[in-house]
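Participant: Sequence and predicted structure are below.
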Amino acid sequence: MIYYLFFAVAFFLPIKFSSNAYLADLLPLILFGRRMWRQNIGWYIVVSSIFVTRALSQSFFFEYVSPDLLKDTIFSLTYLGSCFAFTSLFRDGRRLNQFATASWKMSWFLIAAVVFSLLFRTGMASFYQGGDRLTWEPFGVGGPDVSSVFAFLALLYLYSRNSEFPTAATKDKVKDVILILPFVILCGMGGTRIDLFALLIGVILHFRPSKYMLFATVFILFLLPVQSIVQSFYGGLSRTDVLSARPVIWTTFFSATVSTTSTFWFGYGPGGKMLQMFGMPDAYFRLAHDLFLQVWFQYGVIAMLLAIAFFAFVGIRLFLARELNPIVLAVFTLVILTELFDGTFSYKGCLWAFAASYGIIFVTIAEYRKQRRRLQLERNLRKVSNAARN
């Protein structure tokens with residue numbers, strides 16, 4: 001019942017604590033945090049200490065303190081706690097299946113509510129930015145938020161189906177794909193290409209293609225965003241372009257970061273409004289729209305390299321663990337592309353979807369490590385048994 005309560009609040013109640021802090025961002029800690037505190041308290045204390053120390057030291061390194069310092073620090077720790085909470089919850093495969101089942105059932109109520117709101121103009125669902133992006137009030141600003149949530153819900157369904165029926169017939173897999181079509185449509189109405197790309201990867205992986213077929217398909221698909229990036233850089237940098245002015249934002253953040261030796265190595269510290277102090281008052285420039293550049297800007301080049309190493313490690317591990325559930329690669333694609341082109345911190349109101357994605361990723365890696373230890377133990381026992389016979 002607790003999972004249905006979670007989705008009821010996250011899907012239908014746009015409750016805000018401040019201008020950009022939603023109840024849905026706190027729900028994982030409120031409802032599932034008990035296991036997190038019991039199983040991950042050590043790691044959480046260590047990482048929290050790093051965050052708080054960096055925030056406190058900001059005033060010693062620089063002449064100013066960001067007006068968002070406290071809020072962004074608390075928000076980051078809340079998001080980190082949500083990732084721990086979902087990881088702890090999903091360690092039990094039954095709870096993960098129950099969570100997926102609840103999300104699937106509640107998702108259809110969400111789709112019905114969105115359609116109803118658009119037809120009768122209740123105000124919960126609407127279009128913005130020239131009428132080309134769907135927004136749903138409980139998910140925050142809308143557009144990318146809508147796309148990411150519906151992409152996650154569809155991938156979660158495919159993930160659970162692959163967990164329960166790993167050897168399902170092709171016709172059953174086709175039925176699964178047909179069932180997620182409404183999610184694909186609403187994801188597209190949000191107007192974010194990276195989420196559609198992750199969904200497409202998920203559909204391909206759902207049919208468990210051969211390794212060579214998978215490589216060829218992913219390579220061809222990756223040509224599409226690469227082409228978009230090239231067009232954006234060389235075809236003009238207005239907000240109407242493919243990347244929505246991201247090259248301008250990236251260049252601005254990069255120039256500010258490398259402007260001095262201290263900021264190159266140690267960054268400017270936490271807080272999101274520091275770009276406004278460089279003569280960029282537009283709220284669009286509040287975040288770097290790229291996790292790695294944001295980390296470099298706030299915490300320095302060493303922290304950025306550690307973030308890159310972390311995601312490289314996770315990606316390699318998930319590729320090795322793909323036989324456990326191939327959809328986890330699509331979930332990782334959704335996360336990494338969002339981090340590269342937006343940064344999940346941009347998604348106030350639906351951060352729970354990314355925290356749950358990280359939970360699925362970490363649980364899969366943990367299961368893969370268990371499997372490797374089990375296989376290694378079996379090999380060792382065989383060696384001992386063969387040695388005893390000889």
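Facilitator: That came through fine. Residues are numbered from 1 along each chain as shown.
Participant: from here on, contacts and neighbour counts on C-alpha atoms
Facilitator: Will do.
Participant: Buried residues, whichever helix or strand residue 175 is part of. List them.
Facilitator: Assigned by DSSP states H and E, residue 175 falls within helix 170-179. Neighbour-count burial for helix 170-179, counted by 16 or more other C-alpha atoms under 10 Å, picks out 173, 176, 177.
Participant: mind putting these in a markdown table, distance to residue 85 and pLDDT included?
Facilitator: Output for the buried residues of helix 170-179, formatted as a markdown table (distance: C-alpha to C-alpha, whole Å; pLDDT from 0 to 100):
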| residue | distance to residue 85 | pLDDT |
| --- | --- | --- |
| 173 | 31 | 91 |
| 176 | 29 | 93 |
| 177 | 30 | 91 |
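Participant: wait, which of those is closest to residue 269?
Facilitator: Ranked by distance to residue 269 (C-alpha to C-alpha), the buried residues of helix 170-179 are led by residue 177 at 44.6 Å.
Participant: Would you mind measuring from the closest one to residue 207?
Facilitator: 10 Å (C-alpha to C-alpha, to the nearest Å).
Participant: Over to residue 139?
Facilitator: In terms of C-alpha to C-alpha, residue 139 sits 31 Å off from residue 207.
Participant: between these two, who's got more neighbours?
Facilitator: Legend: neighbour count by other C-alpha atoms under 10 Å for residue 139 and residue 207, higher for residue 139 (25 against 19).
Participant: Tell me which residues are up against stretch 346-359.
Facilitator: Contacts with stretch 346-359, where a contact means C-alpha atoms under 8 Å, 6 or more residues apart in numbering, come from 10, 20-25, 27-28, 79-80, 82-88, 90, 138-140, 144-145, 148-149, 152, 287, 289, 331-332, 335, 344-345.
Participant: Narrow the residues you listed to those that are buried.
Facilitator: If we count by 16+ other C-alpha under 10 Å, the contacts of stretch 346-359 have these buried: 10, 21-25, 27-28, 79-80, 82-88, 90, 138-140, 144-145, 148-149, 152, 287, 289, 331-332, 335, 344-345.
Participant: the helices in the stretch 101-250 of the chain, which residues?
Facilitator: 144-164, 170-179, 181-189, 193-206, 211-234, 246-257 (DSSP state H, counting those that start in this stretch).
Participant: rank the ones you listed by pLDDT, which is bottom?
Facilitator: Per-stretch mean pLDDT for the helices of the stretch 101-250 of the chain is lowest at helix 211-234 (a mean of 53).
Participant: burial of residue 324, as a residue count?
Facilitator: 17.
Participant: which residues touch it?
Facilitator: Contacts of residue 324 (C-alpha under 8 Å, 6+ apart): 163, 364, 368.
Participant: does the second one sit in a helix or strand, and which one?
Facilitator: Meaning residue 364. With DSSP H and E as criterion, residue 364 is part of helix 351-389.
Participant: and that helix with helix 144-164, angle?
Facilitator: 30 degrees (axes from the mean of the first three to the mean of the last three C-alpha atoms, to 10 degrees).
Participant: Quick one: distance of helix 351-389 to the chain centre.
Facilitator: On the basis of C-alpha atoms, centre = their mean, to the nearest Å, helix 351-389 sits 24 Å off its chain's mean C-alpha point.
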